[in-house]
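Peer 1: Provided below are the primary sequence and the corresponding predicted coordinates.
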Amino acid sequence: MIDDIRLLGDPEYEIIELLQSLNVPRTESISIACLLCGEEITSQTIERSSGLRQPEVSVAMRPLRERGWVDERNEKKSNGKGRPTKYYKLTVPLITIIEMFELEIQQKNKDMMESIDKLRELK
């Protein structure tokens, strides 16, 4: 597990910008970049590394978990008080994420071209 280290450098910021250019929400883009370290990290580590707030991290992780890209586990605090600590780990390589976005964009473009073709036929 990684804790209290700087996860975001120039390459990660470039990944964030490129993901956002593909219409990936900012918080999801940042979360993906943080998780690229390959280690299991806490929500707090993502918050400190990225400047996101706890609710933003939780909201960003939901669609990533739904896509099967992220595992989440909770660990009770040693003193037994307070909320459990959330740990996240990327379960797929970045290339898989890229390929999924590529397929989505290709499908969207195909659908748009079909609509254009139908419009032409109507004239």
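Peer 2: Noted; the coordinates are in hand.

Peer 1: For the chain, which residues score under the pLDDT cut-off?
Peer 2: The model of the chain has pLDDT under 70 over residues 1-6, 80.

Peer 1: which one's the longest helix in it?
Peer 2: When the chain is parsed with DSSP state H, its longest helix is helix 94-122.

Peer 1: And it, what's buried?
Peer 2: Buried residues in helix 94-122, counting neighbours by 16 or more other C-beta atoms under 10 Å, are found at Ile97. (C-beta placed from N, C-alpha, C; glycine too.)

Peer 1: Could you find the closest non-adjacent residue to Ser50?
Peer 2: Nearest non-adjacent residue to Ser50, counting by C-beta to C-beta, 6 or more residues apart in numbering: Ile30, 4.7 Å away.

Peer 1: list the contacts for that neighbour?
Peer 2: Contact analysis of Ile30 by C-beta atoms under 8 Å, 6 or more residues apart in numbering lists Leu8, Ile16, Ile46, Ser50, Leu52, Ala60.

Peer 1: Pick out whichever of the residues you listed sits closest to Glu66.
Peer 2: Closest approach between those and Glu66, by C-beta to C-beta: Ala60, at 11.6 Å.

Peer 1: rewinding a little: could you point out which of the contacts of Ile30 is nearest to Tyr88?
Peer 2: Using C-beta to C-beta, those come closest to Tyr88 at Ile46, 7.2 Å.

Peer 1: Hmm, Arg53 and the closest one touching each other?
Peer 2: No. Using C-beta atoms under 8 Å, Ile46 is not in contact with Arg53, being 10.3 Å away.

Peer 1: between those two, which one's more packed in?
Peer 2: Ile46 (26 against 11; other C-beta atoms under 10 Å).

Peer 1: Return the distance of the more buried one relative to Asp111.
Peer 2: To Asp111, Ile46 is 34 Å away according to C-beta to C-beta, to the nearest Å.

Peer 1: same question, Leu64
Peer 2: Taking C-beta to C-beta, one finds Leu64 at 24 Å from Asp111.
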